[in-house]
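Student: pasting the structure only:
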Ligand code: DX5
Ligand code: ZN
């Protein structure tokens, strides 16, 4: 079963409530938090997340593009008002990623690890018992609207192999440049959660765009 996670980053921030209403049939709302340090962009943080949580019925899939994010994790959890399904941190941004994952798990939510295009899947080998979701970045993080990097496809295949060998129960998510053309590629090699910003929020009909993505990918 494919899950669709529209990225709020691509929504029109001048009318966030209306934008959120357009995607209420999604599986998750993907929330991109950027700090201007780990990535060269700043998006939004707990106050905006709290506003979204008041109007969205969806579980939140939070993607932290934040350098050493441990301090932020409890604040995200509180701002999410019980809506947080998973908090994902970047492997490259955490010096002690094992401890960071424990901090997330101790809050009773799922813990995810995101990997930049250059980072191999093998960095997760010894921390797999703490990982609920692997977010394979299919663009360099920081901006919406970039082109899908097909060179990342073999990494998704590596992730599937590693999870099977370890008998690990872990979801594979892809993020960046996912559209009607690239979603089937990612799904065919094992991705099960599709993050899409531009392809959903900038489509004439976001609801229809989600359905097409779901059908094509299934
Ligand atoms: C990029 C973010 C993505 C972004 C995806 O750093 O993590 O979630 O919003 O946007 P699209 O789907 O437009 O590539
Ligand atoms: Zn993201």
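Tutor: Arrived safely. What you see is a predicted model, and the numbers here were worked out from it, not measured in a lab. Ligands and ions are numbered 1, 2, ... in the order given.

Student: Could you count how many residues lie near residue 144?
Tutor: Residues lying near residue 144 (other Cβ atoms under 10 Å) number 21. Using the backbone N, CA and C atoms, a C-beta is placed for each residue, glycine as well.

Student: Skip the chain neighbours and tell me the closest residue to it.
Tutor: Nearest residue to residue 144 in three dimensions, chain neighbours excluded: residue 197, at 4.3 Å (Cβ to Cβ, 6 or more residues apart in numbering).

Student: Pull the number of nearby residues for that neighbour.
Tutor: 24.

Student: what's the answer for the one 4 residues further on, then?
Tutor: Other residues lying near residue 201 total 20 when counted by other Cβ under 10 Å.

Student: helix, strand or coil for residue 27?
Tutor: Taking DSSP: H, G, I helix; E, B strand; the rest coil as the rule, one finds residue 27 in the coil state.

Student: try residue 185
Tutor: helix.

Student: Tell me how far the residue nearest to residue 144 lies from residue 212.
Tutor: Relative to residue 212, residue 197 is positioned 15 Å away (Cβ to Cβ, to the nearest Å).

Student: Likewise for residue 68?
Tutor: Residue 68 sits 39 Å away from residue 212, taking Cβ to Cβ as the criterion.

Student: So for stretch 15-24, mean pLDDT?
Tutor: Predicted confidence along stretch 15-24 averages 98 (mean pLDDT).

Student: start at 28 instead
Tutor: Yep, numbering from 28; the last one is stretch 42-51 now.

Student: List of residues touching it?
Tutor: With Cβ atoms under 8 Å, 6 or more residues apart in numbering as the test, stretch 42-51 has contacts from 33, 35, 38-39, 56, 75, 78-79, 82-85, 227-228, 233-234, 237.

Student: And it, what's buried?
Tutor: Under the neighbour-count criterion of 16 or more other Cβ atoms under 10 Å, stretch 42-51 has 43, 46-47, 49-50 buried.

Student: What of stretch 72-86?
Tutor: Quick answer for stretch 72-86 (16+ other Cβ under 10 Å): 72-73, 75-77, 79-80, 83, 85-86.

Student: can you redo those residues as JSON lines with distance to ligand 1?
Tutor: Putting the buried residues of stretch 72-86 into JSON lines (distance: Cβ to the nearest ligand atom, whole Å) gives the following:
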{"residue": "72", "distance to ligand 1": "15"}
{"residue": "73", "distance to ligand 1": "18"}
{"residue": "75", "distance to ligand 1": "14"}
{"residue": "76", "distance to ligand 1": "14"}
{"residue": "77", "distance to ligand 1": "20"}
{"residue": "79", "distance to ligand 1": "14"}
{"residue": "80", "distance to ligand 1": "18"}
{"residue": "83", "distance to ligand 1": "16"}
{"residue": "85", "distance to ligand 1": "15"}
{"residue": "86", "distance to ligand 1": "16"}
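
Student: Mind listing what's buried along stretch 223-242?
Tutor: Here stretch 223-242 shows 223-228, 230, 233, 236-237, 239-241 as buried, counting by 16+ other Cβ under 10 Å.
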